[in-house]
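Student: sharing a sequence plus its predicted fold:
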Amino acid sequence: MRGRGLSIDAEFLQWFGLLGAALTWTVQLVVGFGVTLARCGAANAVLGVDVKAWEISLMAVGIALALLAEAAALTLLWQTRDVDYSDPPPEGRRHFFVVAAVLGNLLFIVIIVLSGTGAIVHEPCMPS
Amino acid sequence: MSAVARSEQPPLARPNGWWGMAIFVATEATLFGTIIGTYFYLRFNNLHWPPPGVPEPKLTLPLLLTGILVATSVPMQFAASAAAKGRLSAARAALLLAVVVQAGYLGMQLHLFVHDVHEFPPSGSAYSSAYFTMLGGHDLHVGLGILLNLWLLLRTSTGLTTYRMNAIRATTFYWHFINILALCVVGTQISPRA
């Protein structure tokens, strides 16, 4: 059973490492877009949406989650250091995924920072 | 084989090449999701779409061309199935048929693209900027798929290996995605006529 438990942990680390940062950026983008729409809508007189506070919060949480995903990927990369990507699944596939995840997560961290910074600097409710 | 015996078989693991293509397709889907999202965002913020002076998009030719491109999913799938059964000649014939049709599609698309650029340049309006970004991006992806197919034809000229069979499988997956994308792109393109 212990072996099965370890396997499930590795599966979680694999998928969280691969998809965690990407999904985090997606949530940041969609929620940020919604917040800006709410800020520019008529209901803002009642809601009083603070776009900058939202965007800073989203960026901070996003960076934290993306760093966690990177940590998960690096952990699994270390665990599969003796495995080649051409080895049989699941170990070979896992190693292949985490190599992609380690590189991809760095890109997503940059995207989250740039996306958040752009949203903070940009003045909302201007005509496109 | 009974249903019970069938269910006891372990699931067939996909090769890493297929997973690599799946990750690539996910990034491309994100890219086109943002491009199409941008198009409709701009569309809903403009009263006139396309703007005055820009002709309405054509309907018949883009739909016809897209239908022809989408049909290439059939020979691509056939090529993957034939390769899996070791039928190299059939797989190569299907690949060749697909690549000829796809090249014809790309040639016609580029001709229409250049014609449209002369009629309403990308720098002219938000509409033309979004329009050419979307179509240009899609044409680039079709071009990449054609290069992949030509590479497969070249590689399989000396025989079929597991590696090459996986490459055909991954490329077929890519083409199914491109064809679904073509439907999304043409739907967006002709949406002002709706």
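Tutor: Thanks, I have the structure now.
Student: show me what contacts the residue of chain B found nearest chain A?
Tutor: Nearest residue of chain B to chain A: B:Ala13, at 4.1 Å (C-beta to the nearest C-beta). Bear in mind the C-beta positions are built from the backbone N, C-alpha and C, glycine included. Residues in contact with B:Ala13 (C-beta atoms under 8 Å, 6 or more residues apart in numbering or on different chains) are A:Pro88, A:Pro89, A:Pro90, A:Arg93.
Student: give me the low-pLDDT residue ranges for chain B?
Tutor: Low-confidence segments of chain B (pLDDT under 70): B:1-12.
Student: remind me, longest helix of it?
Tutor: helix B:88-119 (DSSP state H).
Student: tell me the angle the following helix or strand past that helix makes with helix B:88-119.
Tutor: The helix or strand immediately downstream of helix B:88-119 is helix B:126-155, counting by DSSP states H and E. If you take axes from the mean of the first three to the mean of the last three C-alpha atoms, to 10 degrees, helix B:126-155 sits at 160 degrees to helix B:88-119.
Student: hang on, the earlier thing: so which of the contacts of B:Ala13 wins on neighbours?
Tutor: Ranked by the number of neighbours (other C-beta atoms under 10 Å in any protein chain shown), the contacts of B:Ala13 place A:Arg93 first, at 21 neighbours.
Student: for that one, give its distance to chain B.
Tutor: Remark: distance between A:Arg93 and chain B (C-beta to the nearest C-beta, to the nearest Å) = 6 Å.
Student: what's near enough to touch that residue?
Tutor: Contacts for A:Arg93 were tallied using C-beta under 8 Å, 6+ apart; they are A:Tyr85, B:Ala13, B:Asn16, B:Trp19.
Student: correct me, but the first one touches A:Ala100?
Tutor: No - with contact taken as C-beta atoms under 8 Å, A:Tyr85 and A:Ala100 are classed as non-touching, separated by 9.7 Å.
Student: quickly find the element holding the most centrally placed residue in chain A.
Tutor: Geometric centre of chain A, nearest residue: A:Ala21, 1.9 Å, by C-alpha atoms, centre = their mean. Take DSSP H and E as the rule and A:Ala21 turns out to sit in helix A:2-40.
Student: next SSE after that helix?
Tutor: Later in the chain than helix A:2-40, the nearest helix or strand by DSSP H and E is helix A:44-47.
Student: which parts of the helix or strand hosting B:Ala170 are buried?
Tutor: According to DSSP H and E, B:Ala170 maps onto helix B:162-189. Neighbour counts over helix B:162-189 (16 or more other C-beta atoms under 10 Å in any protein chain shown) mark B:164-179, B:181-182, B:184-186, B:188-189 as buried.
Student: that one - contacts with which helices or strands?
Tutor: helix B:16-44, helix B:60-71, helix B:73-84, helix B:88-119, helix B:126-155 (3 or more C-beta pairs under 8 Å, 6 or more residues apart in numbering or on different chains; DSSP states H and E).
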